[in-house]
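K.L.:
have a look; sequence and predicted model below, questions after that.
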Amino acid sequence: MQKQGLILDATLRQAAGADRREGKLSQSLAVRMARQAYHAGVTISAGTDSETPPEDREPALLDELELLADGVGMPPLQVFRSATLVGAMTIDRAAEMGTIAVGKLANLVFLEKNPLESIKNIRTARFTVKRGIRFHRQ
């Protein structure tokens, strides 16, 4: 994958409740495989196939980001790159989103605490800006 420039969308969280009889990976095996790919230089995109129930305060993707950091061993900055630029690359939209630059869509999350100090700080969102429109956390 690394030699061919392929991106791995690990979808670790979706594997959490997988039933092996249905041919799905267990979460621990998915994490080990993603860790092996990461250390081999494979580019990893953060994504999940899990839906977030309406009553949940936070999106399922946050669990995925924590698994990339804590399970796979990616530093927080690399986790955010996987969730932003690499995510945009997987859908061939890096020219319009995935980084902060003039002319790109204004999609940002503002946090109370520094996520580079602890990946858990991704759960301190104050507000989100999506396509230039501000959404408060409450």
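P.N.:
Arrived safely.
K.L.:
from now on I want contacts and neighbour counts done on CA atoms only, so please keep to that.
P.N.:
OK.
K.L.:
work out which residue lies at the spatial centre of the protein.
P.N.:
Residue closest to the mean C-alpha point of the chain, counted by C-alpha atoms, centre = their mean, is residue 46 at 3.0 Å.
K.L.:
and the gap between it and residue 103?
P.N.:
From residue 46 over to residue 103 the distance is 24 Å, taken as C-alpha to C-alpha, to the nearest Å.
K.L.:
need the longest helix for the protein.
P.N.:
Longest helix in the chain by number of residues, with DSSP state H as the criterion: helix 27-39.
K.L.:
list the helices and strands it packs on?
P.N.:
Contact partners of helix 27-39 among helices and strands, from 3 or more C-alpha pairs under 8 Å, 6 or more residues apart in numbering; DSSP states H and E: none.
K.L.:
give me the distance from it to the chain's centre.
P.N.:
Using C-alpha atoms, centre = their mean, to the nearest Å, we find the averaged C-alpha position of helix 27-39 to lie 15 Å away from the chain's own average C-alpha position.
K.L.:
with that, I have no additional questions.
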